[in-house]
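J.: this one's structure only:
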């Protein structure tokens, strides 16, 4: 009998293995289905012909039970072993969600945890967050100046040497304190009028990939001359590739003998924060409504952009560090948040994409924060820029 049973088992073994394989495939299929369903909750605003919409993402709306089920076996707990309670954006009716909006109406901030204890979190709060920014004591206004070369009339703000908390990066114990040499940075984004000075001094800037003329651009061409579209003279030049912005810096440097560059990410972020430490926006933690140009879902960029300097500056006297157009930085982009150098940090030596900062007219409020980083290939005409000057 044992011999007969053994023979039957051997004969059935391929079938059993097949069934086991089918069960494994089914399990993988179920996981795949769950992930596919989850990914359907992720989207973006309608993309413009320049791809700006792809740089902004809407909050992810996930069914609470489905999110808790496939991904979490239990409700997550905080450092004090208390359950996090997430609320559905805008309604505050559901318990769990990936993105939530607390009293400040901004997703992914500390007050999105509804059951937080103010006494426990007091160290995270700043009682002066609502106070208007004041002139930063380290700023030396006497060193500000205007670059007049070629009729540019570009105002530069002095950022004195010193340390700042680099909020978009991580160190061993959180955001690192980094040291930067002194530098100057543009008070405003380069305007269309200013950029046209450069375009008319270059042979075939379109062929070189510096610009793209389309319905939403702020400049156009009349005969052989590049000019601002009506009403766009003082709006930021858009769209500009990183190569076009870098070429502008090179031209100005050669003409003046100074060292004009695009700001590094660290220089841009220090300037954007205006002396404030770990605040969400250049002015503090208050919502950006009425403080920046952002939040559109569609429309021509040249119509939606506002002239530079329309909104109030930060404490360093810099305008439009949030919204309007994204701004190119000099660094090659790297996703690694850990900094290796705490003195004048820069990006990697080589890369495929350049860093962008500041959000744009199509960004939601949570995407115009000082610490958010973006990227695009250097040839991609998708942004504007401001100048930096190093001693």
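T.: Thanks, I have the structure now. In this text the structure is predicted, and so the values were computed from the model without any measurement.

J.: give the next helix or strand downstream of the lowest-mean-pLDDT helix or strand in the chain.
T.: Lowest by mean pLDDT, DSSP states H and E among the helices and strands of the chain is helix 64-71, with a mean of 40. Once the chain leaves helix 64-71, the next helix or strand it forms, by DSSP states H and E, is strand 145-147.

J.: strands paired with that next one, and their directions?
T.: strand 154-159 (antiparallel) (DSSP bridges).

J.: avg pLDDT for the partner strand?
T.: The average pLDDT within strand 154-159 is 96.

J.: stretch 281-301 too?
T.: The average pLDDT within stretch 281-301 is 95.

J.: what sits against the nearest residue to residue 347 once chain neighbours are set aside?
T.: Of all residues not flanking residue 347 in the chain, residue 331 sits nearest, at 3.0 Å (Cβ to Cβ, 6 or more residues apart in numbering). Yep, even glycine has a C-beta here, placed from its N, CA and C like the rest. Counting by Cβ atoms under 8 Å, 6 or more residues apart in numbering, residue 331 touches 264-265, 346-348, 354-355.

J.: any idea which helix or strand carries residue 271?
T.: Secondary structure from DSSP H and E places residue 271 in helix 265-273.

J.: other SSEs contacting the helix or strand that that helix is followed by?
T.: Sequence-wise, the next helix or strand downstream of helix 265-273 (DSSP H and E) is helix 301-304. Judged by 3 or more Cβ pairs under 8 Å, 6 or more residues apart in numbering; DSSP states H and E, helix 301-304 is in contact with no other helix or strand.

J.: now the helix or strand following helix 301-304 against helix 265-273, angle please.
T.: Once helix 301-304 ends, the next helix or strand along the chain (criterion: DSSP H and E) is strand 327-332. Interaxial angle of strand 327-332 relative to helix 265-273 (axes from the mean of the first three to the mean of the last three Cα atoms, to 10 degrees): 150 degrees.

J.: after strand 327-332, next one along is what?
T.: Once the chain leaves strand 327-332, the next helix or strand it forms, by DSSP H and E, is strand 354-357.

J.: adjacent strands (with direction) for that following strand?
T.: Here strand 354-357 has these sheet partners by DSSP bridges: strand 327-332 (antiparallel), strand 373-376 (antiparallel).

J.: to residue 248, which of those strands lies closest?
T.: Residue 248 lies closest, by Cβ to Cβ, to one member of the strands paired with strand 354-357: strand 327-332, at 10.3 Å.

J.: quick one: low-confidence parts of the stretch 251-391 of the chain?
T.: Where the stretch 251-391 of the chain drops to pLDDT under 70, the residues are 337.

J.: among the contacts of residue 331, the buried ones, what's the PyMOL command?
T.: Buried residues among the contacts of residue 331 (16 or more other Cβ atoms under 10 Å), as a PyMOL selection:
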select buried, resi 264+265+347+354+355
